[in-house]
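[1] below: sequence and its predicted model.
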2 protein chains.
Amino acid sequence: MKPIRGTVALLAITLVGLSTIQAQDPLPSWNAGATKNAITTFVAKVTRAGSTDFVPVSERIATFDNDGTLWCEQPMYVQLRFALDRVKALAPQHPEWKKKDPFAKLLNTPKEEMVGVNEHELVEIIMATHAGMTTVEFEKTVANWLGTATHPKFKRPYTECVYQPMLELLAYLRGNGFKTFIVSGGGIEFMRPWTEKVYGIPPEQVVGSSGKLKFELLDGQPVLIKLPEIDFIDDKAGKPVGIQQHIGRRPIAAFGNSDGDQQMLEWTQGGNGARLMMLVHHDDAAREYEYGAKSPIGTFSDALMAEAKQKNWTVISMKKDWKTIFAFEP
Amino acid sequence: MKPIRGTVALLAITLVGLSTIQAQDPLPSWNAGATKNAITTFVAKVTRAGSTDFVPVSERIATFDNDGTLWCEQPMYVQLRFALDRVKALAPQHPEWKKKDPFAKLLNTPKEEMVGVNEHELVEIIMATHAGMTTVEFEKTVANWLGTATHPKFKRPYTECVYQPMLELLAYLRGNGFKTFIVSGGGIEFMRPWTEKVYGIPPEQVVGSSGKLKFELLDGQPVLIKLPEIDFIDDKAGKPVGIQQHIGRRPIAAFGNSDGDQQMLEWTQGGNGARLMMLVHHDDAAREYEYGAKSPIGTFSDALMAEAKQKNWTVISMKKDWKTIFAFEP
């Protein structure tokens, strides 16, 4: 019996510790008010045994957009910055790029973000920098790049430019039995190498856009080669599709920040019982960025704002609702 | 302090209960021998803290084929039986089928399983019976059918024709921190309505073949329509691709029974560290079925058997290694 008694003593200590933590605010970076209340009221409702809104743990699915919802997407999608850096890094192996657009115009200016590229050219850049290698090689490339690249405004690694209130929200939901998923228009293989460490979201709970893969034996070793062909675009009407294909259940809570998340929130709300739909609004030029209806990145159109109001979705004001935006703030 | 003390007492009882259970054989339907040892030795190795083979819980991924590995696939894939029954059920709404093959030849015989259909016709049957409805409608149709259909040999619902030793293996792995996934050539939406109840595997851990989906607002309500178009075939070289797209990590253990699982086992073995690859061999005509190299369903070719031997994969003999095959056995 001795080891069991020891374990019980340890558990008693742990339980006392837990009850202390629960008494603390689980969302300290959120200012008190209607937005914060919307979150805590919803969680209380769906987790209270016996309540008509109770949801079993297995069905507590919450989905989060990534760019602009969990991390900063300005002044350029991080993955595009990665692709442009890869063009530069790969240029010596591609002498033909010197005379071939879009590579030529990118390589001939120090300010690639100012160079206009059309959608077709953008796909060409993504394919040239994301395909033709194994999944293992690509994962290493992403991890290495994230280890050195920094955000131009915040002078920090991109993986530190994540929203502290959303990290708290992820942990709060998981602490209440939720399974948290990313459902992003970004590349699934670009996110998976770091989402577990940064957000606590493991690779198998990341849904995103993807390229086609091909299984091969290379010198007898099995590999998956990334092909220069789009498999799935996980954006707008693609998000409910991605959710169904990957998760196979409808979320009861969904979080986004732009027109790309509209259908995910509609799909979430369409289920029975209590639901929580929230949109992050970037209205803090001083601490982060201020953008919305007119921004080509993370467009938050007037139509989306009107739909949010009409359907009782909560719009999060970064300026008013978030006490802290980044953990590194002074 | 009172409620905490009460909880501790309860936990003490639970812990005593647990240590009793752990002393029992976790795989009682497996006969003692090399096959059972291969499982328990592998699990001991990867879970022993400090061992060179130790694998963190987050990376303990195990993938299971479904047809012929977890449930009976003879004398016909269950999903094909479902599709044929759906042809009959839907025939009144499709008077044109009376004169149109393959529907005509299926409807004009009481023994559809004897009717030869080519691959093109099979796809036509699947599309006609699996598409053109919402995902919610399809889920209900599958659940209703499984509630009434029975296996022709065992006279039991198909969801009872599951292998008891594999149910124990799934529970044993999960009890040791593994996350268990299905990776099947079968339809993902055909499996998800029942895998949690039958195998303890939730929808988000089911990987399978899929049709394309389309998000729509139908009378203002968001729905996902199943389109008559193949999205992905999760078989043979498709299995490592399905694993990467859905899970994003390489399994450390994989279980199959046919040529369709060859690449999944190769991909699993290709990673670093301890690995477990197993193939169920159907060699028990009395208790289940006996088939292999010459069977069009669940082909276990001589080449696969040779590869298993050469690469040290374990072949499970249903006859010798399984004490019980089905829970309903006398």
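    Everything's here; your move.
[2] what's next to whichever strand or helix holds A:Glu124, contact-wise?
    Here A:Glu124, judged by DSSP states H and E, is contained in helix A:119-130. With C-beta atoms under 8 Å, 6 or more residues apart in numbering or on different chains as the test, helix A:119-130 has contacts from A:80, A:82-84, A:86-87, A:90, A:94, A:101-103, A:106, A:117, A:138, A:187, A:189-190, A:211, A:226, A:228-230. For every residue, glycine as well, the C-beta is placed using N, CA and C.
[3] so how far is A:Asp235 from A:Ser210?
    12 Å (C-beta to C-beta, to the nearest Å).
[4] in the stretch 151-300 of chain A, which spans are helices?
    Remark: helices assigned in the stretch 151-300 of chain A by DSSP state H, counting those that start in this stretch are A:164-175, A:188-199, A:238-246, A:262-269.
[5] helices and strands around the last one, which ones?
    The contact analysis (3 or more C-beta pairs under 8 Å, 6 or more residues apart in numbering or on different chains; DSSP states H and E) places helix A:262-269 against helix A:238-246, strand A:253-256, strand A:276-281, strand B:206-218, strand B:221-232.
[6] and the closest residue in space to A:Pro28 that isn't next to it in sequence, how far from A:Gly256?
    The shortest distance from A:Pro28 to any non-neighbouring residue, by C-beta to C-beta, 6 or more residues apart in numbering or on different chains, is to A:Glu168 (6.8 Å). A:Glu168 sits 18 Å away from A:Gly256, going by C-beta to C-beta.
[7] neighbour count: these two, which is higher?
    Set A:Glu168 next to A:Gly256 and count neighbours by other C-beta atoms under 10 Å in any protein chain shown: A:Gly256 wins out with 30 against 18.
[8] pLDDT score for the closest residue to that one other than its chain neighbours?
    Ranked by C-beta to C-beta, 6+ apart and with sequence neighbours excluded, the top spatial neighbour of A:Gly256 is A:Asp65, at 4.1 Å. pLDDT, A:Asp65: 98.
[9] what does the stretch 151-300 of chain A put close to chain B?
    A:179, A:188-189, A:192, A:196, A:202-206, A:210, A:213-215, A:217, A:221-224, A:231, A:237-238, A:240-241, A:244-249, A:263, A:266-267, A:269-270 (C-beta under 8 Å from any C-beta of the partner chain).
[10] which residues does the residue nearest the centre of chain A contact?
    Centrality entry for chain A: nearest residue to the mean C-alpha point is A:Asn66, 1.9 Å, by C-alpha atoms, centre = their mean. Contacts for A:Asn66 (C-beta under 8 Å, 6+ apart) come out as A:182, A:184, A:186, A:191, A:208.
[11] which of those has the largest number of neighbours?
    Counting by other C-beta under 10 Å, top hit in the contacts of A:Asn66: A:Ser184 with 30 neighbours.
[12] let me know the pLDDT of that residue.
    For A:Ser184, the predicted pLDDT is 97.
[13] how far off centre is the host helix or strand of A:Ala38?
    Assigned by DSSP H and E, A:Ala38 falls within helix A:34-47. Between the centre of helix A:34-47 and the centre of its chain there are 22 Å (C-alpha atoms, centre = their mean, to the nearest Å).
[14] give me the angle between it and strand A:276-281.
    Counting by axes from the mean of the first three to the mean of the last three C-alpha atoms, to 10 degrees, helix A:34-47 lies at 160 degrees to strand A:276-281.
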